[in-house]
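Participant: take a look and give me a structure for this.
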Amino acid sequence: MNIKRALLASSIVLSVLLISACGSDEAKAPDPAPSTGQESNQTEEDQAKEDQQIFVDESKYEGEEQELVKLLNLSTKYRNEGDETAYMALISDEPNTPINQMNSKKIADLKIDSIDGVTETQGTISATVTTEGDSPGSTMYVFHKINGEWKIYDID
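Facilitator: I've put the predicted structure just below:
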């Protein structure tokens, strides 16, 4: 009888130890799926980083050049968001403006090479632009100032 009680007691002690070990915090497997709150924060952070890589730092410019860079950034933002109405609001309404629709390809990278010929009514930005799926290429943005407001006149 003593042997049966000793075996029973040992079995109970071992069972309790095994159950408590399985229930400890250290033994729990990590949750493979992050919570939705963390996931959306990471997505927003990734998107912010992506946006920062695409847009040109406006603080490096002053005066009229800065205004042109701001307009270039807005056009890139609206183009990448697919917001044709907002994009077209940045385009000059002069009769000879060759732009009549927004290019649907997203801009993956944009670097200003030079800003030239800025006067009270016009200016140009030469940039290296990479659209999704394409190699980098040279692009010339022509701006006109009409009624005190800069607009994009042409993109070559």
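Participant: report the rounded mean pLDDT for stretch 107-123.
Facilitator: Across stretch 107-123, pLDDT averages out at 95.
Participant: could you pull out the buried residues of that stretch?
Facilitator: 107-108, 110, 112, 115, 118, 123 (16 or more other C-beta atoms under 10 Å). Using the backbone N, CA and C atoms, a C-beta is placed for each residue, glycine as well.
Participant: report the two of the residues you listed separated the most.
Facilitator: Spatially, the most separated pair among those is 108 and 118, at 27.0 Å (C-beta to C-beta).
Participant: wasn't residue 108 part of a strand?
Facilitator: Yes: the assignment for residue 108 (DSSP: H, G, I helix; E, B strand; the rest coil) places it in a strand.
Participant: distance of the nearest residue to residue 146 once chain neighbours are set aside relative to residue 71?
Facilitator: Spatial nearest neighbour of residue 146, chain neighbours left out: residue 92 (6.4 Å); criterion: C-beta to C-beta, 6 or more residues apart in numbering. Distance of residue 92 to residue 71, computed by C-beta to C-beta, to the nearest Å: 11 Å.
Participant: between those two, what contacts are shared?
Facilitator: Listed as contacting both residue 92 and residue 71 by C-beta atoms under 8 Å, 6 or more residues apart in numbering are 151-152.
Participant: where does this protein dip in pLDDT?
Facilitator: Where the chain drops to pLDDT under 70, the residues are 1-54.
Participant: show me where it has its helices.
Facilitator: Along the chain, the stretches classed as helices by DSSP state H are 2-22, 36-54, 63-81, 84-88.
Participant: burial measure for residue 83, as a count.
Facilitator: Neighbourhood size, residue 83 [other C-beta atoms under 10 Å]: 13.
Participant: repeat that for the one 3 residues further on.
Facilitator: Neighbour count of residue 86, defined by other C-beta under 10 Å: 15.
Participant: quick one, what contacts residue 73?
Facilitator: By C-beta under 8 Å, 6+ apart, the neighbours of residue 73 are 55-56, 58.
Participant: thank you kindly, that will do.
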